[in-house]
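Student: Fold the stuff below for me.
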Amino acid sequence: MPETEQTKIVLLNNSVNIKSKDELVYADKIKAAIEGKNQGA
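Tutor: Numbering: from 1, shown residues only. Down below sits the predicted model:
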């Protein structure tokens with residue numbers, strides 16, 4: 001059965017939910033840094 005985009009999104013969400021809180025906070029910091037960079041900060 002081929003993987004649909006929806007399936008990939010669900011799998012991605014599941015993998016994120018499994019991560020520890022510290023990893024999520026770290027990921028949020030990276031995301032914020034990237035977004036800040038994109039805004040020319």
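Student: List the residues that contact D28.
Tutor: With Cβ atoms under 8 Å, 6 or more residues apart in numbering as the criterion, no residue contacts D28. Glycine gets a C-beta too; all of them are placed from N, C-alpha and C.
Student: distance of it from L11?
Tutor: Computed as Cβ to Cβ, to the nearest Å, the D28 to L11 distance reads 20 Å.
Student: Quick one: the helices in the protein, in order.
Tutor: 5-18, 21-38 (DSSP state H).
Student: Now do the lowest-mean-pLDDT helix or strand in the chain and helix 21-38, the angle between them.
Tutor: Scoring the helices and strands of the chain by mean pLDDT, DSSP states H and E places helix 5-18 at the bottom, with a mean of 75. Going by axes from the mean of the first three to the mean of the last three Cα atoms, to 10 degrees, helix 5-18 is angled at 120 degrees with respect to helix 21-38.
Student: can you list contacts of helix 5-18?
Tutor: L24.
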